[in-house]
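Peer 1: this one's sequence-less:
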């Protein structure tokens with residue numbers, strides 16, 4: 001950091017890369033992300049822990065930018081701001097990565113003991129894991145790296161085991177035989193939330209199921225014929241008159257010879273197909289419930305698959321030998337073939353345009369197929385013994401907390417989703433058939449009795465000294481991450497950090513992990529801590545491709561945030577994310593806007609260089625300097641108003657409004673007007689005010705653009721011992737001066753409107769014109785008389801004379817209560833200009849009306865591609881605005 005001490009002159013060119021690398025290293029090395037503030041009000045955010053296998057994607061960039069904006073803002077406001085950071089051990093994802101590495105060396109996991117494989121995972125983590133932490137640093141995230149957490153750390157593991165045991169002892173964790181989503185590739189259960197349903201091309205087969213007494217048959221239809229090897233019933237609706245006489249009759253399954261009953265159940269829809277449904281309780285979630293209602297106990301339900309979805313013999317031994325060992329999809333083909341041979345397949349008949357019939361074994365259909373989001377293969381509902389959490393009981397307090405406002409969800413529209421899921425929540429399957437993760441603290445004796453304890457010694461004591469075998473499964477990754485708000489602060493030890501920083505103040509999360517993580521944190525917070533995990537839950541949308549589609553590698557529309565940082569700088573990407581984050585809406589990626597915010601940083605840089613070159617530097621006061629000149633009083637008032645707008649937006653978590661407020665103050669009021677108005681009059685008062693205003697800008701902008709603001713802060717004054725990151729939030733100690741505001745607003749209106757009029761009429765910007773204002777109000781006359789230099793230099797007028805304008809063509813330019821008259825004789829060809837404007841107005845009006853007609857046509861709006869409709873709306877707005885501009889220009893010419 002030597003150059004900040006010896007060379008204070010700002011470089012001519014703004015270079016984000018050099019600045020970012022320098023300042024992040026300085027902040028971290030000097031502990032500036034967590035300054036010692038034991039007496040300050042605590043403020044806490046926990047970062048959603050990225051997977052140890054992860055890399056920074058555009059969603060991470062949004063999520064972490066918003067968190068960093070809040071933590072930097074509260075740090076500047078003097079709070080003991082703690083941003084907890086760490087990584088998740090990502091059970092399935094990490095085990096997959098390490099297994100792939102072994103496969104590349106012609107090796108595999110099963111060649112090792114469990115302990116040896118887990119050691120290899122730890123080795124991988126040390127060598128390759130956690131790349132995302134360096135990427136978060138590149139984004140500028142001011143996290144407390146000194147306390148970086150990992151969900152498999154020793155203290156965290158202790159917390160996980162304690163929670164499991166406590167839940168078990170209170171009857172809230174139990175072992176049960178239920179259907180689970182089984183991933184045959186990874187050979188583990190996965191949760192409903194880890195299942196992706198995709199539309200795929202499938203088939204619909206129809207079969208005859210004969211009655212055992214030979215009196216006839218019923219027709220059933222299915223998309224999964226292989227499961228008939230484990231059918232245990234067929235169901236009809238109790239209100240369906242067609243089947244009243246067959247309820248209770250026995251079916252003889254054609255392939256297995258198994259006999260089962262026709263049962264009455266409302267699950268069967270009379271309007272769907274034949275109204276008869278085959279029931280396979282061991283391999284379908286709906287059938288599982290039908291089976292239970294029909295009196296079939298889960299322990300008696302038939303299972304026909306192994307862990308890799310290959311056919312195995314059912315408990316009753318009725319699956320023919322030719323099917324055993326077949327993959328489920330191979331078995332499907334053989335089942336169809338055998339049913340066809342037995343005369344039990346009902347062909348699908350179609351007719352061509354000439355009325356000729358043709359037959360096929362099945363009807364082609366697009367079906368909804370559930371896939372495992374990690375394994376990428378169709379999941380199989382599988383009946384197995386797993387560990388479950390009584391989520392319905394744990395959800396009661398979080399539901400009530402949101403109802404009473406104890407937990408505030410922002411935006412409020414997400415409350416309905418929260419209640420809908422929590423009030424209908426199912427038991428949470430928390431066991432996973434993996435080696436990497438927190439091993440379940442349950443031990444079994446030779447008779448299968450279970451003993452749950454935090455250590456083996458405690459379990460053996462519970463078992464009366466009998467030899468025990470530990471459960472092979474590990475816990476769902478989301479079980480441990482649900483403890484993140486308090487286990488990262490030292491729990492179960494009652495640490496000072498825990499007492500100061502729990503509950504957390506705010507959680508910022510993508511809506512897509514509302515149920516994976518947020519809801520479960522709320523459950524675990526109330527269960528373990530007796531209070532809410534955070535006061536506010538802010539849910540942001542997704543970052544989508546420019547055309548509004550979801551980003552995916554298969555579509556080739558994924559945007560790399562690190563590439564954007566390389567090209568435009570982290571500050572520009574951060575500002576884009578904040579400016580575009582509007583509550584309840586997704587963000588459309590727009591690289592041109594990112595580039596625009598890089599230009600914004602450049603504009604501020606150039607303004608700071610201009611100030612520095614004119615002797616304007618760091619302010620010596622937190623409060624606003626004394627000002628007598630109207631322009632200085634005005635800019636101080638603009639700071640006061642911008643600060644109030646910014647503080648309100650931050651309190652409301654309106655990141656877009658906050659970014660918009662500081663952007664327009666910097667670009668419009670400060671750079672475009674204040675600097676222009678003070679040029680050529682750098683007296684001591686103006687230098688002091690300009691330096692103070694520039695400091696306020698750097699502080700207010702710092703949460704959004706930390707790098708460029710810290711660099712400018714360091715170069716505008718000797719402040720090596722007072723870095724911007726830990727400076728004070730503005731306290732102007734001033735108010736808006738109405739008279740000064742009125743005066744400068746009048747000047748801005750005159751200059752701005754005159755520049756617009758010149759542009760509309762094709763008059764050169766630098767052309768000096770005469771101006772007349774007969775009978776001005778006393779206030780307007782005083783403003784003009786006090787500001788002759790600004791009017792001449794910026795409005796390019798030869799003064800304003802208080803007398804009638806000469807006869808002839810002229811235009812009027814409004815400012816406040818005045819209409820200044822500008823003679824145009826000899827300046828432009830009035831007739832030619834009127835003709836040009838009229839022709840252009842006709843073209844724009846015609847285009848606007850044509851587009852309005854298309855947009856008023858429901859057929860176009862409903863049937864055209866969304867991007868075509870959006871373009872039509874944008875074009876209509878553009879032509880309408882152009883028509884209004886041209887009409888105003890014509891009106892100026894009379």
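Peer 2: Right, received. Where do you want to start? It should be emphasised that the depicted structure is a prediction, and the values quoted were computed from it without experimental measurement. Numbering: from 1, shown residues only.
Peer 1: Let me know the secondary structure of the residue nearest to residue 759 when sequence neighbours are not counted.
Peer 2: Here the nearest residue to residue 759 in space, its sequence neighbours aside, is residue 765; by C-beta to C-beta, 6 or more residues apart in numbering that works out to 7.5 Å. All C-beta spots, glycine's among them, are computed from the backbone N, C-alpha and C. Assigned by DSSP: H, G, I helix; E, B strand; the rest coil, the conformation of residue 765 is coil.
Peer 1: ok, so what distance separates residue 765 from residue 893?
Peer 2: According to C-beta to C-beta, to the nearest Å, residue 765 stands 19 Å off from residue 893.
Peer 1: okay, these two: which has more neighbours?
Peer 2: Higher neighbour count among residue 765 and residue 893: residue 893, with 18 against 9, using other C-beta atoms under 10 Å.
Peer 1: my guess is the more buried one contacts residue 834, does it?
Peer 2: Yes: counting by C-beta atoms under 8 Å, residue 893 touches residue 834, with 5.6 Å between them.
Peer 1: Quick check: buried residues in stretch 145-161?
Peer 2: Neighbour-count burial for stretch 145-161, counted by 16 or more other C-beta atoms under 10 Å, picks out 145, 149-153, 156-157, 159-161.
Peer 1: Make CSV from the residues you listed and add distance to residue 570, secondary structure and pLDDT to it.
Peer 2: Shown next, in CSV, are the buried residues of stretch 145-161 (distance: C-beta to C-beta, whole Å; DSSP: H, G, I helix; E, B strand; the rest coil; pLDDT from 0 to 100):
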residue, distance to residue 570, secondary structure, pLDDT
145, 17, helix, 96
149, 24, strand, 95
150, 25, strand, 95
151, 27, coil, 96
152, 30, coil, 96
153, 29, coil, 95
156, 30, helix, 97
157, 35, helix, 97
159, 34, helix, 98
160, 35, helix, 98
161, 40, helix, 98
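Peer 1: which residues are in contact with stretch 189-203?
Peer 2: Around stretch 189-203, the neighbours that count as contacts under C-beta atoms under 8 Å, 6 or more residues apart in numbering are 92, 180-183, 223, 361-374, 379, 382, 384, 386, 426, 428-429, 431-433, 476, 478, 515-516.
Peer 1: Tell me the buried residues in it?
Peer 2: Neighbour-count burial for stretch 189-203 flags 189-191, 193-194, 203 (criterion: 16+ other C-beta under 10 Å).
Peer 1: In the stretch 1-150 of the chain, where is pLDDT below threshold?
Peer 2: 1-7 (pLDDT under 70).
Peer 1: Identify the residues contacting the nearest residue to residue 525 once chain neighbours are set aside.
Peer 2: Distances taken as C-beta to C-beta, 6+ apart place residue 533 nearest to residue 525, at 3.3 Å, with adjacent residues excluded. By C-beta under 8 Å, 6+ apart, the contact set of residue 533 is 485-486, 502-504, 507, 521-522, 524-525.
Peer 1: Go through the residues you listed and flag which are in helices.
Peer 2: Mapping the contacts of residue 533 onto helices (DSSP state H) picks out 485-486, 521-522, 524-525.
Peer 1: and which of the residues you listed is nearest residue 540?
Peer 2: Using C-beta to C-beta, residue 521 comes nearest to residue 540 of the ones in helices among the contacts of residue 533, at 16.8 Å.
Peer 1: so what's residue 789 closest to, chain neighbours aside?
Peer 2: Closest residue to residue 789 apart from its sequence neighbours, by C-beta to C-beta, 6+ apart: residue 680 at 7.4 Å.
Peer 1: Run a quick neighbour tally on that neighbour.
Peer 2: Neighbour count for residue 680, taken as other C-beta under 10 Å: 9.
Peer 1: ok so, going back, the residue nearest to residue 759 contacts residue 796, doesn't it?
Peer 2: Yes: Residue 765 is within contact range of residue 796, at 7.4 Å (criterion: C-beta under 8 Å).
Peer 1: how near is residue 334 to residue 315?
Peer 2: Distance of residue 334 to residue 315, computed by C-beta to C-beta: 21 Å.
Peer 1: Those two: which is more packed in?
Peer 2: Neighbours around residue 334 and residue 315, counted as other C-beta under 10 Å, are more numerous at residue 334. The numbers are 18 against 13.
Peer 1: for the more buried one, what are its contacts?
Peer 2: Counting by C-beta under 8 Å, 6+ apart, residue 334 makes contact with 322-323, 326.
Peer 1: Roughly how far does it sit from residue 311?
Peer 2: Taking C-beta to C-beta, one finds residue 334 at 9 Å from residue 311.
Peer 1: Now for these two: what residues contact both?
Peer 2: Residues touching both residue 334 and residue 311 by C-beta under 8 Å, 6+ apart: 323, 326.
Peer 1: Quick one: residues contacting residue 827.
Peer 2: Residue 827 neighbours (C-beta under 8 Å, 6+ apart): 763, 767, 769.
Peer 1: Could you dump those residues into CSV and include distance to residue 879 and neighbour count?
Peer 2: Shown next, in CSV, are these (distance: C-beta to C-beta, whole Å; neighbours: other C-beta atoms under 10 Å):
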residue, distance to residue 879, neighbour count
763, 24, 20
767, 29, 10
769, 31, 19
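Peer 1: just curious, which of these is nearest to residue 64?
Peer 2: The closest of these to residue 64 turns out to be residue 763 (C-beta to C-beta; 49.6 Å).
Peer 1: Now that closest one, what are its backbone angles?
Peer 2: With angles defined as degrees, to the nearest 10, residue 763 sits at phi -90, psi 130.
Peer 1: Tell me where the stretch 451-600 of the chain has strands.
Peer 2: 469-470, 474-475, 504-510, 534-540, 543-544, 587-588 (DSSP state E, counting those that start in this stretch).
Peer 1: mind putting those strands in JSON lines, mean pLDDT, mean neighbour count and distance to residue 352 included?
Peer 2: Below are the strands of the stretch 451-600 of the chain laid out as JSON lines (pLDDT from 0 to 100; neighbours: other C-beta atoms under 10 Å; distance: least, C-beta to C-beta, whole Å):
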{"stretch": "strand 469-470", "mean pLDDT": "97", "mean neighbour count": "12", "distance to residue 352": "64"}
{"stretch": "strand 474-475", "mean pLDDT": "96", "mean neighbour count": "23", "distance to residue 352": "57"}
{"stretch": "strand 504-510", "mean pLDDT": "96", "mean neighbour count": "23", "distance to residue 352": "50"}
{"stretch": "strand 534-540", "mean pLDDT": "97", "mean neighbour count": "21", "distance to residue 352": "52"}
{"stretch": "strand 543-544", "mean pLDDT": "91", "mean neighbour count": "21", "distance to residue 352": "43"}
{"stretch": "strand 587-588", "mean pLDDT": "92", "mean neighbour count": "18", "distance to residue 352": "45"}
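Peer 1: Of these, which is nearest residue 27?
Peer 2: Among the strands of the stretch 451-600 of the chain, the nearest to residue 27 by C-beta to C-beta is strand 504-510 (20.9 Å).
Peer 1: For this protein, which residues score under the pLDDT cut-off?
Peer 2: For the chain (pLDDT under 70), the answer is 1-7, 833, 892, 894.
Peer 1: residues in contact with residue 523?
Peer 2: Contacts here follow C-beta under 8 Å, 6+ apart; on that basis residue 523 touches 391, 394-395, 397-398, 482.
Peer 1: Those residues: which two are farthest apart?
Peer 2: Distance extremes for the contacts of residue 523: the farthest pair is 397 and 482 at 14.0 Å, using C-beta to C-beta.
Peer 1: out of those two, which sits in the more crowded spot?
Peer 2: Taking neighbours as other C-beta under 10 Å, residue 397 and residue 482 compare with residue 482 leading, 29 against 18.
Peer 1: isn't the more buried one right up against residue 517?
Peer 2: Yes: Residue 482 lies in contact with residue 517 (C-beta under 8 Å); the separation is 7.0 Å.
Peer 1: just to revisit the earlier point, from the contacts of residue 334, list the buried ones, please.
Peer 2: Buried subset of the contacts of residue 334 (neighbour count, 16+ other C-beta under 10 Å): 323, 326.
Peer 1: Closest one to residue 76 out of the contacts of residue 334, please.
Peer 2: residue 326 (65.9 Å).
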